[in-house]
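> Here is my input, please return the structure:
(one chain, ligands or ions: 1)
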Amino acid sequence: MLKVLNHKSFDKNQLLLRASERRDTAWGKIVTYSRKVFVPLTNMCRDTCSYCTFVKHPNSKSARILDPDAVMDIVRLGERSGCKEVLLSLGEKPELRYEKARKELRKLGFSTMVGYLKFICQMILRESTLLPHVNAGTLSEDEISSLKPVTASMGMMLETVSRRLTKRGMPHFACPDKVPIQRIRTMNNMGILKVPFTTGVLIGIGESWDERIDALKAIEESHRKYNHIQEVIVQNFVPKPDIRMRNFPEPDQAEMLITIALARLILSPEISIQSPPNLSASHVNYLDAGLNDWGGISPVTDDYINPEKAWPKIEELRASTKSKGFLLRERLTVYPRFQNKEDGFLTPRIAEHVVSLRRPDGLARKQFC
Ligand code: SF4
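Below is the predicted model:
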């Protein structure tokens, strides 16, 4: 039904209208966000995506793994600022490629990043009120199982299902974790292991419209099997001076609106459709295309993936959202439909932590892990 060659062949107004109606039916006039802090646990990565500015080569002085004290400084700053989510972002398995990563991990007492990540999540749960949300890229079943008891939700951008983009000269060349089947496997394993899961598509890295639609369909297929996807991010590529794709064009607003609308129409209605508000000056127009969530917004830390793009102030976002007839409302990193203890999406300890955050006093609980 939606197989097309380019976005010029869509009736844009019809598409946006249908997508908005579907959003209104499922979500009403509420648009959500999660108040978070961002912890870049390591900026080393074994992959080298052509659009990435987050990653630093181990030869760079700024390549590092944050130690527990540095993590807790950020977490406490978030707590003082009323945040409820700590987003732990990290490059993929740098220890498999670089001695510097292995050496830093050894100094911290670990042999793998996932082992260290688990320790950090336990510390955050023990010493703060924040809920960990982990973006650690592709993970095996064992790794997901080890992280589930210490996280409220996990994420990994599917980005694309295009194998073409892994060929020489393309953005995912020589990136073992960007082979589409690896990411689809992780997405499915998250479902099998009942993890509330965030994924998404990256727009404008050279994928065709058909490939973009195929990525959305792959997400929907996984969700239909496991019912585990809570939100899908439609994220636009942003050129930066220090990346190999610095001269690549940014997707225009029409392309973003059509992709958001397609996501809303292809994906099950209970899945949130999200796009980062700091990556487009006219993000408020996304509300015309079926979007119902702005994702994580930090009042205190940068967007380390796009450090030149400041988060909007939450009150500004509230006002612009209202100008389109919607109410902005805060949510937790784990959506309400996954918070029922009996469904197995949260371990009892995480469920308890969620309940304490929902209490008006938001009491910090010690002795958690
Ligand atoms: S896998 Fe992620 S962190 Fe690593 S290079 Fe690619 S985009 Fe950057």
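> and the next element down the chain from the strand or helix carrying Val134?
Per DSSP states H and E, Val134 falls inside strand 131-135. Counting by DSSP H and E, the next helix or strand C-terminal to strand 131-135 is helix 141-147.
> Now do the helices in the stretch 201-350 of the chain.
Taking DSSP state H, counting those that start in this stretch as the test, the helices found in the stretch 201-350 of the chain are 209-226, 253-266, 314-323, 348-358.
> Who does Phe38 form a beta bridge with?
In this entry, Phe38 is beta-bridged to Leu87, by DSSP bridges.
> Is it in contact with Ser89, as I believe?
Yes. Counting by CB atoms under 8 Å, Phe38 does reach Ser89; the two are 6.6 Å apart. Placement of C-beta: from N, CA and C, glycine included.
> overlap in contacts of the two?
Tyr304 (CB atoms under 8 Å, 6 or more residues apart in numbering).
> Pretty sure Ser20 sits against Ala289.
Yes. With contact defined as CB under 8 Å, Ser20 and Ala289 form a contacting pair (7.0 Å).
> quick one: which of those two has more around it?
Counted by other CB atoms under 10 Å, Ser20 and Ala289 do not tie: Ala289 has more neighbours, with 26 against 17.
> Can you tell me how far that one is from Pro312?
Taking CB to CB, to the nearest Å as the measure, Ala289 falls 18 Å from Pro312.
> Leaving out chain neighbours, which residue sits closest to Ser128?
Val75 (5.0 Å; CB to CB, 6 or more residues apart in numbering).
> OK, contacts around that neighbour?
The contact partners of Val75, by CB under 8 Å, 6+ apart, come to 37, 39, 86, 124, 127-128, 130.
> Over to Tyr98?
Applying CB under 8 Å, 6+ apart, we find Tyr98 in contact with 44, 46, 58.
> ranking those residues by neighbours, who comes first?
Met44 (24 neighbours).
> helix, strand or coil for that one?
Secondary structure, DSSP: H, G, I helix; E, B strand; the rest coil: Met44 is coil.
> Give me the neighbour count for the residue nearest to it when sequence neighbours are not counted.
Nearest non-adjacent residue to Met44, counting by CB to CB, 6+ apart: Pro94, 3.6 Å away. Neighbour count of Pro94, defined by other CB under 10 Å: 25.
> Also Leu66?
21.
> how near is the nearest residue to it once chain neighbours are set aside to Ser81?
Leaving aside its sequence neighbours, Leu66 sits nearest to Leu41 (CB to CB, 6+ apart; 5.6 Å). The spacing between Leu41 and Ser81, counted by CB to CB, is 20 Å.
> Counting neighbours, go ahead and name the busier of those two.
More crowded of Leu41 and Ser81, by other CB under 10 Å: Leu41, with 21 against 14.
> That one falls within a helix, correct?
No. Counting by three-state DSSP, Leu41 falls outside a helix, being strand.
> List the contacts of it.
If you count contacts by CB under 8 Å, 6+ apart, Leu41 has them with 65-66, 71, 88-90, 113, 116-117, 120.
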